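Q: coordinates for the following, if possible.
(one chain, ligands or ions: 1)
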Amino acid sequence: MSSLFDDSFLADLGPPSNEEPPPPPEDSAHPGPDGAEDVPHHLFSGGFDAPVPREAHYRDGAARPVVDPSALLEGLNEEQRAAVEHTGSPLLIVAGAGSGKTRVLTHRIAYLLGARGTHPGQILAITFTNKAAGEMKERVEELVGPRANAMWVSTFHSACVRILRRESKKLGFTSSFSIYDAADSKRLMSLVCRDLDLDPKRFPPKSFSAKISNLKNELIDEETFAGQATGAPPGRSLGEASRRPWPRRMRCTRRGCARPTHWTSTTSS
Ligand SMILES: Nc1ncnc2c1ncn2[C@@H]1O[C@H](COP(=O)(O)OP(=O)(O)OP(=O)(O)O)[C@@H](O)[C@H]1O
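A: Numbers count the residues shown, from 1 in each chain. A predicted model of the protein is given here:
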């Protein structure tokens, strides 16, 4: 019989005819009396829906985290337990420093996963400082293991910037935009005012930043505001200045960066 590969270099790659066939795989080393592989009699004796016993450790020796929801309630005081188990409505916990708030939050997160079938991707846990966020993540990880990686446990700022980067196209930015802090923002506004030939004594850049921030809070864009800015003598008002074409510098900034004044006003409020 000939094959497509008779003329190819592959034709020479077969085993030499005088070589012994390879040994059978180890699994088939003990065939049954009729040559068929022996099947252990207990293999299909159990129910297929029986829970698989959990090992106490991962393969690398690390302790497997607690997943038994009732174990998560152990060691909590009455109020903490009620907060962990609470269901049906938002819950506000007011408690002093060091009173066990993080303990409640971390146990609640683990409880939601273990008892309520919540997916880790549905968890958002936010706090103010990187230190607190890091500690919270560590403590959640101790309870639920690597599933903590699928959760958002972070600061308000990093959660917000993550959303902004993810949705950047909808906002007209690229996902690699940079965020201006207060000093960057001040510098940019000074440059814009200079481009507009505005006298910094009469029109301090700070007043533009504040005005833009307020307008943004009211969801008024520059076109709308410029349309409203009538009646004042030319050169006498912020509104009149805003009717002049936006300098190239500001337009570039808007394309490539999160709007600095907005960020500043949001984070300082
Ligand atoms: N019911 C409890 N029984 C025993 N120890 C507890 C209990 N609740 C909290 N603790 C312990 O008290 C300490 C403070 O708890 P936790 O960090 O959760 O408090 P917190 O209110 O988040 O603190 P902070 O205000 O500093 O962020 C921790 O060591 C925690 O393990």
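Q: quick one: buried residues of whichever strand or helix holds Ile163?
A: For Ile163, the element it lies in under DSSP states H and E is helix 156-166. Along helix 156-166, the positions that meet the burial threshold by neighbour count (16 or more other CB atoms under 10 Å) are 157, 159-161, 164. Where C-beta positions appear, they are placed from N, C-alpha and C, glycine not excepted.
Q: next one: stretch 71-78
A: By neighbour count, and taking 16+ other CB under 10 Å as the criterion, the buried residues in stretch 71-78 are 72, 76.
Q: using PDB, list the CA coordinates for it.
A: As requested, C-alpha coordinates have been extracted for stretch 71-78 and formatted as PDB (Å, rounded to 0.1, in the frame of the first residue of the first chain):
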ATOM      1  CA  ALA A  71     -17.300  27.900  60.500                       C
ATOM      2  CA  LEU A  72     -17.200  31.500  59.300                       C
ATOM      3  CA  LEU A  73     -19.600  32.500  62.000                       C
ATOM      4  CA  GLU A  74     -17.600  31.000  64.800                       C
ATOM      5  CA  GLY A  75     -15.800  33.500  67.100                       C
ATOM      6  CA  LEU A  76     -18.000  36.400  66.000                       C
ATOM      7  CA  ASN A  77     -20.000  38.300  68.600                       C
ATOM      8  CA  GLU A  78     -23.700  38.600  68.200                       C
END
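Q: give the rounded mean pLDDT of that stretch.
A: Computed over stretch 71-78, the mean pLDDT rounds to 93.
Q: who touches that stretch?
A: With CB atoms under 8 Å, 6 or more residues apart in numbering as the test, stretch 71-78 has contacts from 66, 81, 84-85, 100, 103-104, 107, 110-111, 114, 143.
Q: in helices only, show me these.
A: Counting by DSSP state H, the members of the contacts of stretch 71-78 that fall within helices are 81, 84-85, 103-104, 107, 110-111, 114, 143.
Q: got the contact list for Ser168?
A: 174-175, 177 are the contacts of Ser168 under CB under 8 Å, 6+ apart.
Q: with respect to Thr118, which of these is nearest?
A: Each of the contacts of Ser168 was checked against Thr118 using CB to CB; the closest is Ser175, at 28.4 Å.
Q: what's the helix or strand for the closest one?
A: Using DSSP H and E, Ser175 maps to neither a helix nor a strand.
Q: pretty sure it is touching Arg162, no?
A: No: contact between Ser175 and Arg162 fails when scored by CB atoms under 8 Å: they sit 10.5 Å apart.
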